[in-house]
Every structure is written in structure tokens, then in C-alpha cells.
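**Q** just to be clear, the model below is a prediction. Sequence and coordinates:
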Amino acid sequence: MFKIAKRTSIGALLLMFFPLLFIVTRWHWTPENNYCWLKWMYFLTQTVTPPWGTITTLVFISWFLWSLHYQIKSTFRLLLILIIMLFIGQGIKFFIKLYVKEPRPYVIWLEKNKVISKEAFYKMPRKICNSSVNWNFKEKKIPKWLVIYWKSETHFSFPSGHTIFSSNLVLLAAGLLWPRQYKVSTIALMSWANGVMFSRLMLGMHWPLDLLMSVILSWLIVTIGCWFIQN
């Protein structure tokens, strides 16, 4: 258990680097910075967003099971634990969002620009919000595709489901595959997860603290899950 916790802890600390950096530097998000690479951030975040997130899950689980070389009976048990872990992470995220009700950064931006208050925004059903809110920001030079994405992501900010999902996969690899010499694959997954987290910040979906706490939550889930897998 100690060795698993050590590996997942190191992985979690590496995932926390970017969120901590943004918190310490007091970085402030603004949508007016229409970076040329922002669209690539959107594509990266889509690897965790349904339906593409389902494909990502299937690819990872298939690779994970193949890498461990378990027998059929053990494979089914492992598969069950993996699925339960992913569902637990997303389930906890759902209930925390309902309790904390933290507005997304882009919603705060809408309020500051006198488009709509955050209270009114979250009281509206999505369809009514999309039709009644003035989403025309041509003078702000905000890409149309980003506005469309905002319209599809109208729930609360804390915690980050994308971060929990991607962190779960990375920390699973760190806990179980790293000692089996799958180091290149684990590093590649780590880079992907950091990219997903970075994209959530750049798209105005989350605050740095959302990502930080999501990694901690993922670490708890995966460390316990890895212990069950090995026992």
C-alpha cells in the first residue's frame, strides 16, 4: 500500500504543478485573448468530453488490461474496479457541484460585462438561457466556436470532472503500470492530462483551485482503488 501511495502521490504532485503555478502567480483568465492555439485547447478538452471521452475510456482500459496480462477471471475483476472508480469520481463531482455551486469563470465574465448576473444565469434552464441571453460578443473578439461551447457547458465549476477523469487514468498508470516499466506510456498520459487541465483554464471553464482539489480527490480514489486491485 505504501509503495502505491508513494507512486500516486508523486503523480498527483506533478499534476498539481500547473494549478499551483497559476494560483501563486495570481493568473487571471480573460476571453479577449484570442490565442491562435486556443482551438487546439478545445480539441484537447474534447478527448474527455462525451462522446469522445467514451472512446478515450475504452482505449485506456483496453491498453491497461493488456499491459497487466491478467488471467480472464482476474481481468473481469480488474475491469469492474476500474469502471467503479471512474463512476465514483464522476458521481462525487456531480454532488459536490450541486452543493458548492461555484460559477464558471466565463459566467463571472458575463456578469462583469453586464450581460447577465450569475444568479440569474444558473436559475435559467439551458434552453432558455441560450435563447434569452445576448451571446453576441463581436466587439470583444471572442471566437464563435468558444461562445457555442460556453452554451453547452452551463453547469457549475467546482470540481472539474475533466480533471478527475484524466487524473484517474494517469494516477492508475502511475500506481500500477510504472513499476512494470511502462514509463513512456505513463509520461505520455501525464502530458495529456496536464494538457486537458490547461485547456479547462484557457476555455474559461474552471478556476485553478478547481483543478487542484480535483487532483486531490482523484488521488484518494485511485490510491484506494489500486490497493483493491493488488489485493
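**A** Everything's here; your move.
**Q** next up, the contacts around residue 14.
**A** For residue 14, the contacting residues are 190, 194, by C-beta atoms under 8 Å, 6 or more residues apart in numbering. Just so you know, the C-beta spots here come from the backbone N, C-alpha and C atoms, and that holds for glycine as well.
**Q** residue 4 now?
**A** Residues in contact with residue 4 (C-beta under 8 Å, 6+ apart) are 175, 176, 223, 226, 227, 230.
**Q** what's the helix or strand hosting the fifth one packed up against?
**A** Okay, so that is residue 227. For residue 227, the enclosing helix or strand under DSSP states H and E is helix 208-230. Packing partners of helix 208-230 (3 or more C-beta pairs under 8 Å, 6 or more residues apart in numbering; DSSP states H and E): helix 2-24, helix 72-100, helix 161-172, helix 183-202.
**Q** would you mind writing the CA trace of the third one as CSV?
**A** The C-alpha trace of helix 161-172 is given here as CSV (Å, rounded to 0.1, in the frame of the first residue of the first chain):
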residue,chain,number,x,y,z
GLY,A,161,-15.0,16.4,-14.0
HIS,A,162,-12.5,16.6,-16.8
THR,A,163,-9.6,16.8,-14.4
ILE,A,164,-10.9,14.0,-12.2
PHE,A,165,-11.3,11.8,-15.2
SER,A,166,-7.9,12.4,-16.8
SER,A,167,-6.2,12.3,-13.4
ASN,A,168,-7.8,9.0,-12.6
LEU,A,169,-6.2,7.5,-15.7
VAL,A,170,-2.8,9.0,-15.1
LEU,A,171,-2.6,8.0,-11.5
LEU,A,172,-3.8,4.5,-12.3
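**Q** who are the packing partners of that helix?
**A** Applying 3+ C-beta pairs under 8 Å, 6+ apart, one finds that helix 161-172 makes contact with helix 2-24, helix 52-68, helix 72-100, helix 183-202, helix 208-230.
**Q** tell me the most buried of those helices?
**A** helix 208-230 (a mean of 21; mean count of other C-beta atoms under 10 Å).
**Q** for it, give the mean pLDDT please.
**A** Taken as a whole, helix 208-230 has an average pLDDT of 88.
**Q** now the element after the lowest-mean-pLDDT helix or strand in the chain, going C-ward?
**A** Using mean pLDDT, DSSP states H and E, helix 126-132 stands out as the lowest-scoring helix or strand of the chain, at a mean of 68. Once the chain leaves helix 126-132, the next helix or strand it forms, by DSSP H and E, is helix 144-152.
**Q** in that following helix, what counts as buried?
**A** 146, 149, 150 (16 or more other C-beta atoms under 10 Å).
**Q** list just the nearest of these to residue 27.
**A** Minimum distance to residue 27 across these is 18.5 Å, recorded for residue 146 (C-beta to C-beta).
**Q** hmm, that closest one is touching residue 45, no?
**A** No: between residue 146 and residue 45 there is no contact under C-beta atoms under 8 Å: 11.3 Å.
**Q** overlap in contacts, the two.
**A** With C-beta under 8 Å, 6+ apart applied, the overlap between the contact sets of residue 146 and residue 45 consists of residue 203.
**Q** so where's this protein shaky on pLDDT?
**A** 1, 32-35, 69-75, 129-140, 231 (pLDDT under 70).
**Q** how about a cut-off of 90?
**A** Counting by pLDDT under 90, the chain has low-confidence residues at 1-10, 27-40, 49-54, 56-101, 109-155, 169, 172-188, 221-231.
**Q** on that earlier part again, save the helices and strands packed on helix 208-230 as a markdown table, and put in distance to residue 218 too.
**A** Supplementary listing: the helices and strands packed on helix 208-230 in a markdown table, determined by distance: least, C-beta to C-beta, whole Å:
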| stretch | distance to residue 218 |
| --- | --- |
| helix 2-24 | 7 |
| helix 72-100 | 6 |
| helix 161-172 | 4 |
| helix 183-202 | 10 |
